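[1] sequence unavailable; structure follows:
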């Protein structure tokens, strides 16, 4: 296979034109490769509104060497041998074949949590023939969807089944974004499995791929079914409540610290009652909202530390305004590849705090994501078609360990801060899980009136047109009709969102918004809506682990994913789960350990 870059198509040109474009690049008429596939797609919006798609394509021809030689003589042609990236499961047992039937090992690893990390750890372990058992405190995707919809309609929260807990984890009720900064061949495995389970095949090459909440609900069910078909087991409404440990003779051999323990079982609670599952390997993939689990682990002697995280609000704009800013047109493309425009912004306040957008949902909705009683939490969600009226994004400020009560001496101090802010938001919203909302203009003007920020006094909301070019003034005029209705459910209360934020967060947000508006015209529009609070973008805790990915204090316990502090999204969490599964397979490659069947 050969790989060629910089193949460009207009919005009107179909993908079927790609072979013709390759031929034009290479100077070959009627070029017909034996096969071809898109490796990467990106959008070039520099010459608005003349939007172009740019592709990297792998293709197969008979005379590769001759074509490579020909390409060297043509200016601007980027042609090379394609590197085929394939992920192979490191199967247990001697050899490369999966075990079947009576050859399957009796040992059964346990996965606690069925979000991206736990799901992909379970899948790899199942493919290796290790028949994992998954315990998930929430419910399956279908029942969970009903519980979440009931909460959004009535404000009646189910602490067992909600946006945070249940099959697929918090990612099931998001946009299903797969954008990641990590470079790892395992990402190809994740995308391959998602596509097999029902995701759009275009996620394999899109620059900013997403699955969509509606599609994810089917995808996670299909991955669960595959795990079960390979000998795994998934138990819902089953929560880890304790660890069973003992000191072991092999602890020193495995470089455990003095006083370290060996895992021998998990205490669980389910509708059937309390029980202990015998096990020697547990993937701890509980997500960043399992606060009761973190407290139990700390009491059990599991080493962890406080880590920085971020706090802020959700900001909503009209999607058509974001399209105008990014594409130079208020596009409403019902079919085609362009889709609703997105953005990614960052700034730094005068105090040195980072301010950034996160989990941007084009054509999406701000949703109630509470998981404990008396606290309001927001998140963003989009369906696959991203056809909602509004764009929304988390607008976050970094929170340092030194900001925590007690300076972060307590590993769970960040959780205490989260809960305090979520309770404040509940009170500001007036109860019933209504969220506090405020017009951006009012939020910014309050900062000016208080004289908190000299930079804001010199900036302010856009719209005057003073000193603008004629073209920019026309853009401002075209934006004047934009308005925003908050999409948060169960409901909203118009108030001051700063009531539920630390002062350093409020001040940093007021500084950053005008700076961001210099990058996205209209970002500081007065009628944009802020909804509080966003506190679950990442975990404020890190459960310490070593090179083997095991806990530094409990042998056989593998903390992973977002909750344990080792991932920052669906893709990185899934990859972390795969890495942990590989370590467990490697550890038991002899296949000589047995445990009681569960």
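    Good, I have the coordinates. Quick caveat: nothing in here was measured; it's all calculated off a predicted structure.
[2] lowest-confidence helix or strand of this structure?
    Between all helices and strands in the chain, the lowest mean by mean pLDDT, DSSP states H and E belongs to helix 454-458, at a mean of 35.
[3] quick one: the helices in the chain?
    Under the criterion DSSP state H, the chain carries helices at the ranges 18-26, 64-72, 116-127, 141-154, 186-196, 213-229, 291-299, 319-327, 413-428, 440-449, 454-458, 470-479, 503-517, 570-587.
[4] helices or strands next to the fifth one in the packing?
    Which is helix 186-196. helix 116-127, helix 213-229, helix 570-587 (3 or more CB pairs under 8 Å, 6 or more residues apart in numbering; DSSP states H and E). (Each C-beta comes from the backbone N, C-alpha and C, glycine too.)
[5] and the first one, average pLDDT?
    Going back to what we said before, that points to helix 116-127. Across helix 116-127, the average pLDDT comes to 97.
[6] returning to what we had before: export the helices and strands packed on helix 186-196 to CSV and append columns for distance to residue 84 and mean neighbour count.
    Formatted as CSV, these follow (distance: least, CB to CB, whole Å; neighbours: other CB atoms under 10 Å):
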stretch, distance to residue 84, mean neighbour count
helix 116-127, 20, 30
helix 213-229, 24, 19
helix 570-587, 19, 25
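[7] quick check, distance from the longest strand along the chain to the centre of its chain.
    Using DSSP state E to define each element, the chain has its longest strand at strand 354-368. With CA atoms, centre = their mean, to the nearest Å as the basis, strand 354-368 stands 11 Å off its chain's centre.
[8] buried ones in it?
    355-368 (16 or more other CB atoms under 10 Å).
[9] can you check stretch 180-193 too?
    Applying 16+ other CB under 10 Å to stretch 180-193 flags 180, 184, 186-187, 189-191, 193 as buried.
[10] re the thing from before, mind putting the buried residues of strand 354-368 in JSON lines, distance to residue 316 and pLDDT included?
    Below are these laid out as JSON lines (distance: CB to CB, whole Å; pLDDT from 0 to 100):
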{"residue": "355", "distance to residue 316": "17", "pLDDT": "98"}
{"residue": "356", "distance to residue 316": "17", "pLDDT": "98"}
{"residue": "357", "distance to residue 316": "12", "pLDDT": "98"}
{"residue": "358", "distance to residue 316": "14", "pLDDT": "95"}
{"residue": "359", "distance to residue 316": "13", "pLDDT": "94"}
{"residue": "360", "distance to residue 316": "11", "pLDDT": "96"}
{"residue": "361", "distance to residue 316": "10", "pLDDT": "96"}
{"residue": "362", "distance to residue 316": "12", "pLDDT": "96"}
{"residue": "363", "distance to residue 316": "11", "pLDDT": "95"}
{"residue": "364", "distance to residue 316": "9", "pLDDT": "96"}
{"residue": "365", "distance to residue 316": "9", "pLDDT": "97"}
{"residue": "366", "distance to residue 316": "6", "pLDDT": "98"}
{"residue": "367", "distance to residue 316": "12", "pLDDT": "96"}
{"residue": "368", "distance to residue 316": "14", "pLDDT": "97"}
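[11] adding distance to residue 276, write the residues you listed out as a markdown table.
    Compiled in a markdown table, those are given as follows (distance: CB to CB, whole Å):
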| residue | distance to residue 276 |
| --- | --- |
| 355 | 47 |
| 356 | 44 |
| 357 | 45 |
| 358 | 39 |
| 359 | 38 |
| 360 | 44 |
| 361 | 42 |
| 362 | 47 |
| 363 | 47 |
| 364 | 43 |
| 365 | 42 |
| 366 | 41 |
| 367 | 37 |
| 368 | 35 |
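[12] hmm, back to that, TSV please, covering the buried residues of stretch 180-193 and showing pLDDT.
    Listed next are the buried residues of stretch 180-193 as TSV, based on pLDDT from 0 to 100:
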residue	pLDDT
180	85
184	88
186	94
187	94
189	95
190	96
191	96
193	97
